[in-house]
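J.: pasting the sequence and the predicted coordinates here, then a few questions.
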Protein chains: 2
Amino acid sequence: MTLSDTQIQIFEEIFSFRNWRRKIGSENKLVGFIPTMGCLHEGHLSLIKQANQYCQIIVISIFVNPAQFAPSEDLDKYPRTLSDDLDKLSSLKCVDAVFLPKVEEIYPAGIPLEIKEQQGTFVEVKGKSHQMEGKTRPGFFRGVATVCTKLFNIIQPDNVFFGQKDVQQCVIIRNMIRDLHFPIEMHVGDTVREKDGLAMSSRNKYLTPEMRKVAITLYQSLIETKKAFENNIRDRKNLLDPAFELIERVTKENEAQKLGFSIKLDYLSLTDPDTLEEIDRIKEKGAILSGALYVGSTRLIDNILFNCKL
Amino acid sequence: MTLSDTQIQIFEEIFSFRNWRRKIGSENKLVGFIPTMGCLHEGHLSLIKQANQYCQIIVISIFVNPAQFAPSEDLDKYPRTLSDDLDKLSSLKCVDAVFLPKVEEIYPAGIPLEIKEQQGTFVEVKGKSHQMEGKTRPGFFRGVATVCTKLFNIIQPDNVFFGQKDVQQCVIIRNMIRDLHFPIEMHVGDTVREKDGLAMSSRNKYLTPEMRKVAITLYQSLIETKKAFENNIRDRKNLLDPAFELIERVTKENEAQKLGFSIKLDYLSLTDPDTLEEIDRIKEKGAILSGALYVGSTRLIDNILFNCKL
């Protein structure tokens, strides 16, 4: 499929998008926006469907954002599947525009992967960006907050939609919208899962069939903690121990099978839903349980919420 | 004068400003915005007059921004003259709205003066914030960029107006608007001066009559360099030496007079107009000559441009 085969408006330049956006503005329609890095899956599509319930105009961006990749990470091999993405968007029959900007236009001051070399304007949400995902990926949320600010200023949406799978991102963007006074309402969509429970993710494409089988371990470990929570356990140790034990057991089993790849837990966090600080006990305001697991070199993340909303 | 005596719309809350702004938006009028910290002088008023030539709607904010003051600086004693400011704005007969927000609403995550203690969202223009003013005042331009982002998102202006006196601020805000893709056009107004050449500044109020006499020294030193430039001198040493010599002479004269206060040069910078890096020679793209001078404990800044625009 070529770009012209779709009914969706495709914009590759800010200037042309703004011209189109100006017309929408004069029609008093609510604009919903879902920023993506492409390689769309059911998680993205469910956000679009959610947006379609609130908004008359739906805009998607597809932009693999260099500022949220470290030099050691997978920017170059991050999956890019534009033609397939546009097919999926077309089939939804509710998407009005897709914004496909160039890196050079989004980052006019350039964007080297080394943070120390970066010049130009950056946005940072202090106090919520250094822990959890930010501990393993320093600079990641600075990249996310910066690109979202740029995209919000270009798209000028009334509503934005993010998926719960990226739970820390949800908390950070909600804080950013509040702190910077964007006139935008934020919505969080539920994590969409495969039949066995694996959270949908563009990075699942990296998994071989053998890896795919054990990729579910992270979610299963979260469920172990959930069971403990449902048994009225509230203290950190007794909530997390069953999860750690499950991961340890599967890690060892996997090693014994000599499949040529290893499983490694990056972290498991039990945090306050507002501050994202680790907690010793789940109290009335609830908690976020989140983690990251390496399956081979692929890093998978997942989370569940206890008695709280994003 | 009370707030109700003026024809100008006064807004102290974001919510009420947004309601008013929404109506303006539907009328297709261009909105011009001048952010200020109050204590308005002819410099501000000249920006407002400039805005009135471009825009049908003029909005002023008066907000003493804590994020651009260090703990050691003059946040508490920064002059606040609201009633007088509103009189001046009324007399211009072109100002439509004044936005007077509360610190708590602009900074919902709080804003302690110690940068290390600050939480919430901040905007930084890397590469242009650490030198010149930023060297003496670390965190200053982070505070400026952050509050301007907040105010731009609330006011949603089509045009913004800044004064050349704050030359580094002009360069930084212009970069920020470009990098973050604000749909805003920026204008820079000339520095407005007293009869003897002293740049208008809210901080001039701090000067005693004796201090006021020598406050002109910074501008006079810039003029010494300008004379050298007009004599076709282009190398740093020969451009700046006459300026340094003038300041040194006046500093010594002032000491000899034992007036109870001292003069001290903070810095004199000759920089590339784009990168704000110090240069050894003025080439085709011109240069910014800028400096800061302490007169007693009052810190005054000024600048002139050579063959360049902001």
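T.: Nice, I can see it. The model shown is predicted, which means the values in this text are computed figures rather than measured ones.
J.: find the centremost residue of chain A, please.
T.: Nearest residue to the geometric centre of chain A (C-alpha atoms, centre = their mean): A:D166, 3.8 Å.
J.: who are the neighbours in contact with that one?
T.: Neighbour list for A:D166: A:I301 [criterion: C-beta atoms under 8 Å, 6 or more residues apart in numbering or on different chains]. Yep, even glycine has a C-beta here, placed from its N, CA and C like the rest.
J.: what ranges do the helices span in the stretch 101-250 of chain A?
T.: Applying DSSP state H, counting those that start in this stretch to the stretch 101-250 of chain A gives helices spanning A:103-106, A:133-136, A:140-155, A:167-179, A:209-215, A:217-230, A:236-257.
J.: which SSE is immediately downstream of the last one?
T.: Meaning helix A:236-257. Note on helix A:236-257: by DSSP states H and E, the next helix or strand toward the C-terminus is strand A:263-271.
J.: distance of the residue nearest to A:I111 when sequence neighbours are not counted from chain B?
T.: Spatial nearest neighbour of A:I111, chain neighbours left out: A:P66 (4.7 Å); criterion: C-beta to C-beta, 6 or more residues apart in numbering or on different chains. Noted for A:P66: a distance of 14 Å to chain B, by C-beta to the nearest C-beta, to the nearest Å.
J.: can you tell me which residues contact A:P66?
T.: Taking C-beta under 8 Å, 6+ apart as the test, what A:P66 contacts is A:L75, A:V103, A:Y107, A:I111, A:L113, A:G143.
J.: centre of the chain versus stretch A:119-126, how much separation?
T.: 19 Å (C-alpha atoms, centre = their mean, to the nearest Å).
J.: so where is the stretch 1-150 of chain A shaky, pLDDT-wise?
T.: A:1-6 (pLDDT under 70).
J.: quick one: the strands in it?
T.: A:9-11, A:31-36, A:57-62, A:97-99, A:120-126 (DSSP state E, counting those that start in this stretch).
J.: tabulate those strands (a markdown table), appending distance to B:S83 and mean neighbour count.
T.: Shown next, in a markdown table, are the strands of the stretch 1-150 of chain A (distance: least, C-beta to C-beta, whole Å; neighbours: other C-beta atoms under 10 Å in any protein chain shown):
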| stretch | distance to B:S83 | mean neighbour count |
| --- | --- | --- |
| strand A:9-11 | 49 | 18 |
| strand A:31-36 | 42 | 24 |
| strand A:57-62 | 46 | 26 |
| strand A:97-99 | 47 | 23 |
| strand A:120-126 | 36 | 23 |
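J.: turn those into JSON lines, columns for distance to A:G139.
T.: Output for those, formatted as JSON lines (distance: least, C-beta to C-beta, whole Å):
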{"stretch": "strand A:9-11", "distance to A:G139": "28"}
{"stretch": "strand A:31-36", "distance to A:G139": "18"}
{"stretch": "strand A:57-62", "distance to A:G139": "21"}
{"stretch": "strand A:97-99", "distance to A:G139": "24"}
{"stretch": "strand A:120-126", "distance to A:G139": "9"}
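J.: ok, A:D190 - how many residues close by?
T.: Number of residues near A:D190 (other C-beta atoms under 10 Å in any protein chain shown) recorded here: 12.
J.: of all the strands of the stretch 1-150 of chain A, which lies closest to A:A215?
T.: Closest of the strands of the stretch 1-150 of chain A to A:A215 is strand A:31-36, at 21.3 Å (criterion: C-beta to C-beta).
J.: out of the strands of the stretch 1-150 of chain A, flag the one nearest chain B.
T.: strand A:120-126 (3.6 Å; C-beta to the nearest C-beta).
J.: what helices and strands are in contact with that closest one?
T.: Judged by 3 or more C-beta pairs under 8 Å, 6 or more residues apart in numbering or on different chains; DSSP states H and E, strand A:120-126 is in contact with helix A:140-155, helix A:167-179, strand B:120-126, helix B:167-179.
J.: tell me the strands beside the third one, with direction?
T.: For strand B:120-126, the pairing partners within the sheet under DSSP bridges are strand A:120-126 (antiparallel).
J.: run through who's touching the partner strand.
T.: A:67, A:107-111, A:141-142, A:145-146, A:148-149, A:172, A:175-176, A:179-180, B:118-127, B:145, B:149, B:175-176, B:179-180.
J.: one more time with 7 Å, if that's ok
T.: A:107, A:109, A:141-142, A:145-146, A:149, A:172, A:175-176, B:118-126, B:175-176, B:179-180 (C-beta atoms under 7 Å, 6 or more residues apart in numbering or on different chains).
J.: helix B:140-155 and that strand, what's the angle between them?
T.: Using axes from the mean of the first three to the mean of the last three C-alpha atoms, to 10 degrees, the inter-axis angle of strand A:120-126 relative to helix B:140-155 is 80 degrees.
J.: relative orientation of strand A:120-126 and helix A:167-179 in degrees?
T.: Using the same axes, to 10 degrees: strand A:120-126 against helix A:167-179 is 100 degrees.
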